[in-house]
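Asker: okay, structure incoming, though there's no sequence with it:
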């Protein structure tokens, strides 16, 4: 098989820049398009960024999108028309938007993950197992820390982990969402899943899932040190998705977790 033609949206963002670095290091990837929501008067890795359009994305086999929901749906509309595959790392979608993504996946292959890290996806798997193993006497909460520039909270990863708790209990995740705190030093466990998000410095990402019975606490955690962890995972996802039929996939499918 020849090289995979890749397009990266939101190319001037933190993840966009990191994705470009990972893509240019991978010999099986050919970077063919970069897009941004504003005019960029310079070439990046030999490519001049454009606005999202059919023309800009036409040469790509796969599009990687780490932007904001509004931009993601612009990309999905174009990709659906052009029959392009899409890796989505964007977070902050509403339930209605999640349902719209499912509809797009009936027409094109989409791999969507709130986090592209192997470790985080293993953590989610362990969260499901732990939640399923513990009785309803155990209450839960999720704590996450990210850099001060991150706008959404809780993080997509924290919500992924919350979904892991719900799956373990065989319950509807959206009905299990509790209170969402921002920058609190302490926050309570709950019958529903409570979240606390801390935004400070340039921290790449820390996540902790905790279960408490009042007599003991069980914690599962993950800390990221290098943003390349996510971009390398997204490139791996793009290579995996290239041979897939329409459908909505996750890193769990890629990693073959049961």
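Answerer: Thanks, I have the structure now. All of these numbers come straight from a predicted model, not from anything done at the bench.

Asker: stretch 221-233: end-to-end distance?
Answerer: 19 Å (C-alpha to C-alpha, to the nearest Å).

Asker: cool, and stretch 100-114?
Answerer: 16 Å.

Asker: same thing with stretch 84-101?
Answerer: 14 Å.

Asker: quick one, helices of this protein?
Answerer: Secondary structure of the chain (DSSP state H): helices at 14-25, 54-57, 69-82, 95-104, 118-133, 156-168, 173-176, 228-241, 251-255.

Asker: pull the distance from the longest one to the chain's centre.
Answerer: Taking the mean of its C-alpha atoms, helix 118-133 sits 16 Å from the chain's own mean (C-alpha atoms, centre = their mean, to the nearest Å).

Asker: and the contacts of it?
Answerer: 113, 115, 140, 157, 160-161, 163-170, 207, 209, 211, 218, 220-222, 224, 229, 233, 250-252, 255, 257 (C-beta atoms under 8 Å, 6 or more residues apart in numbering). Backbone N, C-alpha and C define where each C-beta goes, glycine included.

Asker: need the buried ones from those residues selected in ChimeraX.
Answerer: Command for ChimeraX that selects the buried part of those, burial taken from 16 or more other C-beta atoms under 10 Å:
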select :113,115,140,157,160,161,163,164,165,166,167,168,169,207,209,211,220,222,224,229,233,250,251,252
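
Asker: sorry, back to before: of the helices of the chain, which is nearest residue 8?
Answerer: helix 14-25 (5.0 Å; C-beta to C-beta).

Asker: and that closest one, what's its mean pLDDT?
Answerer: If you average the pLDDT over helix 14-25, you get 95.

Asker: which one is the spatially most central residue of the chain nearest to, not counting chain neighbours?
Answerer: Computing the C-alpha centroid of the chain and ranking residues by C-alpha atoms, centre = their mean puts residue 114 first, at 2.3 Å. Spatially, and ignoring its direct neighbours in sequence, residue 114 is nearest to residue 156 (3.1 Å; C-beta to C-beta, 6 or more residues apart in numbering).
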